[in-house]
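Novice: Would you be able to build a 3D model of this:
(chains A and B)
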Amino acid sequence: MSNLKKLALDIRIETLEMLSKHGFGHVGGSLSIADAIAVLYGKQMKYDPKNPKWDGRDYLVLSKGHCGPALYSALAIEGFFPREELLTINQLGTRLPSHADKNLTPGIDMTTGSLGQGVSCALGMALGLQLQGKPNMVYAIIGDGEAQEGQVWETMMIAPNKKVKNFIVLLDNNEQQLDGFTDTISGLGDVRKKAEDFGWFALSVDGHDVEAIDAAIERCKASDQPGFIDLRTVKGKGWPAKEAALNNHACRGVAFDGVEDVLADMRKQFAAMND
Amino acid sequence: MVNLVKERLEDIELTKAYSQQLIELAEHNPKIVDVEADVGNCIYGGDFCCRFPERYIDLGICEQSLSSVSAGMSAVGMIPFCHTFAVFASRRMCDQNYISCAYAKNNVKIVASAPGISSGENGGTHHANEDIALVRPITDITILEPADSVAMRWAVKNAAEHFGVYYIRAERLKSNRVYEDESGFALGKANIIRDGSDVTLIAEGSLMLNECLLAADYLAKNGVGARVVDIFTIKPIDVETIVRCAKETGAVVTAENHSITGGLGSAVAEVLCDSFCAVPMRRIGVPNRFGEVGQPDELKKVMHMTYLDIAEAAMTVIQGKNN
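Specialist: A predicted model of the protein is given here:
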């Protein structure tokens, strides 16, 4: 599991480097989902960076598409494209737009950005693969703010009813959204219980504990129901000042003040992991 | 080239032709799936379900998912034909059609039944009078409105064979045949159904093509030669035929089962404008108002969409060119 912790840290370093150098980006939600993405790309998913369209691969749909930077970091680290390309984020003509785009970025399986749609597309992918008798897994990452979209709950109803088994939804439950705390705007309540009631095999785990995330995915895969994992996360995880801040959804300009110190600490930790 | 029927015998419903063609294609292509949102039975979905139960995916009443789930299915190689009423396929699914289907470059065939006033008794909530206006600006969507069962069969086959997002309008009304079985259609190619040199009537769909042909008969009795064009493909639109007909006849009337804003009339006006082809033109269709309950034949009168309205517009534009 140490390699997963290292990968998660590497994802955070790359994410903060690219966004701070660009001067804008969705920092909070990219940092909160880094550990889950590390488990997916470091252990759970089948893929071939040299052949991103390999038909034996597992699929990931980043339904909270604005957190593309965390996913791009993982893809670059795993060799889908050069790491240096990460610094082109959001520049005109880049292959790395702020929201995930399957037609631009090697390794991205679905275009997302309009919240609620990605998880629904992922369900369609799982259904389509199941119809073809293929064993590929489909993962979808949604946000807790995103779960306010009605379309998410259409998927919550459809997947168990259609007995989709090759499908796991990971909820980045970081308790914040653009305008504030999710609970004060329109909270999810006991979302694990809700998912279970809809017919999912549902678990709730520490979303920053790579071992717990990995074990939860294993248990979902062993189930004959679609899997739902409520990841208890902290928005801005890894950047202490942002973890405590309310407005950490996106950062621009001076909001990146202090990031160099955070990156220096992270790099030190990363070097120590190599020892 | 299309071959026109000599006698316009009664046709089967366009939705029946759609269902028959989809089943025929699915026999040979295991990738074809019929995705529904609880109105499949309105267009003979049960026939597909009986033949291919595993490929008949009724998601329930959730049109947003109808679009996005279909997009996802296509991303793993399936060819989904997703169907609902045109009101939902456009107004309700607009962002999903845009992002999940078109922007993401997926391979989804959206089938929109009962467009315009053809949903009659379901009333204003169910009259899709703006669907073409909502879909037309979306990049890379092909919009077809077949005017008879032969054109519908060709549209479904073409959609299945070519990658991309299609929006196929399917009226649920009985109409009359226009084309012979072996007609050769083409994407972006309008078909001239009747010749004439005084005015061009450009129709969209079976309902309004029929009205245009009646108008042409009526005008002929008054010594006016009306050319009638079935636009068939609303996007891409046949610029060459529209401009040629406008130049040759000098006047144009469009007739659509849709709002006169944003649909066929607007598209033809754009073509004439971009081509520096200034001819007198009038648009017949649903005026700027909401729908209401009524039989399509009654609504045609209320909305000023009858052959007499078309003929009157034709006389107005002919007078315009003579001034």
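Novice: Report the contact partners of the residue of chain B found nearest chain A.
Specialist: The nearest approach of chain B to chain A comes at B:G72, 2.4 Å away (CB to the nearest CB). For glycine as for every other residue, the C-beta is placed from the backbone atoms N, C-alpha and C. With contacts defined as CB atoms under 8 Å, 6 or more residues apart in numbering or on different chains, B:G72 is in contact with A:61, A:110, A:120-128, B:100, B:106.
Novice: For those, give me TSV that also has pLDDT and distance to A:I11.
Specialist: Below are those laid out as TSV (pLDDT from 0 to 100; distance: CB to CB, whole Å):
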residue	pLDDT	distance to A:I11
A:V61	98	18
A:M110	97	20
A:S120	98	26
A:C121	98	23
A:A122	98	21
A:L123	98	26
A:G124	98	27
A:M125	98	24
A:A126	98	25
A:L127	98	30
A:G128	98	29
B:S100	98	27
B:N106	98	28
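Novice: got the residues you listed as JSON lines, with distance to B:E248 and neighbour count columns?
Specialist: Shown next, in JSON lines, are the contacts of B:G72 (distance: CB to CB, whole Å; neighbours: other CB atoms under 10 Å in any protein chain shown):
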{"residue": "A:V61", "distance to B:E248": "52", "neighbour count": "31"}
{"residue": "A:M110", "distance to B:E248": "49", "neighbour count": "29"}
{"residue": "A:S120", "distance to B:E248": "49", "neighbour count": "31"}
{"residue": "A:C121", "distance to B:E248": "48", "neighbour count": "36"}
{"residue": "A:A122", "distance to B:E248": "53", "neighbour count": "33"}
{"residue": "A:L123", "distance to B:E248": "52", "neighbour count": "29"}
{"residue": "A:G124", "distance to B:E248": "48", "neighbour count": "37"}
{"residue": "A:M125", "distance to B:E248": "51", "neighbour count": "29"}
{"residue": "A:A126", "distance to B:E248": "55", "neighbour count": "29"}
{"residue": "A:L127", "distance to B:E248": "51", "neighbour count": "29"}
{"residue": "A:G128", "distance to B:E248": "49", "neighbour count": "25"}
{"residue": "B:S100", "distance to B:E248": "43", "neighbour count": "33"}
{"residue": "B:N106", "distance to B:E248": "41", "neighbour count": "27"}
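Novice: Those in helices, which ones?
Specialist: If you go by DSSP state H, these have A:S120, A:C121, A:A122, A:L123, A:G124, A:M125, A:A126, A:L127, A:G128 in helices.
Novice: Cross-check those against chain B and keep the overlap.
Specialist: With CB under 8 Å from any CB of the partner chain as the criterion, these include A:S120, A:C121, A:A122, A:L123, A:G124, A:M125, A:A126, A:L127, A:G128 near chain B.
Novice: Contact partners for the second one?
Specialist: Applying CB under 8 Å, 6+ apart to A:C121 gives the contacts A:V61, A:S63, A:M110, A:T112, B:S68, B:V69, B:A71, B:G72, B:A75, B:S100, B:A104.
Novice: in stretch A:131-150, what's buried?
Specialist: Buried residues in stretch A:131-150, counted by 16 or more other CB atoms under 10 Å in any protein chain shown: A:131, A:136-149.
Novice: Check stretch B:226-241 too.
Specialist: By neighbour count on 16+ other CB under 10 Å, the buried set for stretch B:226-241 is B:226-235, B:237-239, B:241.
Novice: How about stretch B:277-290?
Specialist: For stretch B:277-290, by 16+ other CB under 10 Å, it's B:C277, B:V279, B:P280, B:M281, B:R282, B:R283, B:I284, B:G285, B:V286.
Novice: Could you do stretch B:77-94 as well?
Specialist: B:78-90, B:92-94.
Novice: same question, stretch A:214-224
Specialist: Residues of stretch A:214-224 classed as buried: A:D214, A:A216, A:I217, A:C220 (neighbour count, 16+ other CB under 10 Å).
Novice: Which residues does stretch B:176-184 contact?
Specialist: Under CB under 8 Å, 6+ apart, the answer for stretch B:176-184 is B:1-5, B:8-11, B:147-151, B:154, B:191, B:193, B:206, B:209-210, B:230.
Novice: count of neighbours near residue 23?
Specialist: The chain I'm using is chain A. Close neighbours of A:G23, defined as other CB atoms under 10 Å in any protein chain shown, add up to 13.
Novice: Actually, chain B is the one I wanted.
Specialist: Neighbourhood size, B:I23 [other CB under 10 Å]: 17.
Novice: need the contact list for it.
Specialist: By CB under 8 Å, 6+ apart, the residues touching B:I23 are B:D47, B:F48, B:R51, B:F52.
Novice: Among these, which are located in strands?
Specialist: Judged by DSSP state E, the subset of the contacts of B:I23 located in strands is empty.
Novice: Report pLDDT for the residue nearest the centre of chain B.
Specialist: Closest to where the C-alpha atoms of chain B average out (CA atoms, centre = their mean) is B:E145, at 2.2 Å. B:E145 carries a pLDDT score of 97 in this model.
Novice: Please apply the same query to A:K242.
Specialist: Note on A:K242: pLDDT of 88.
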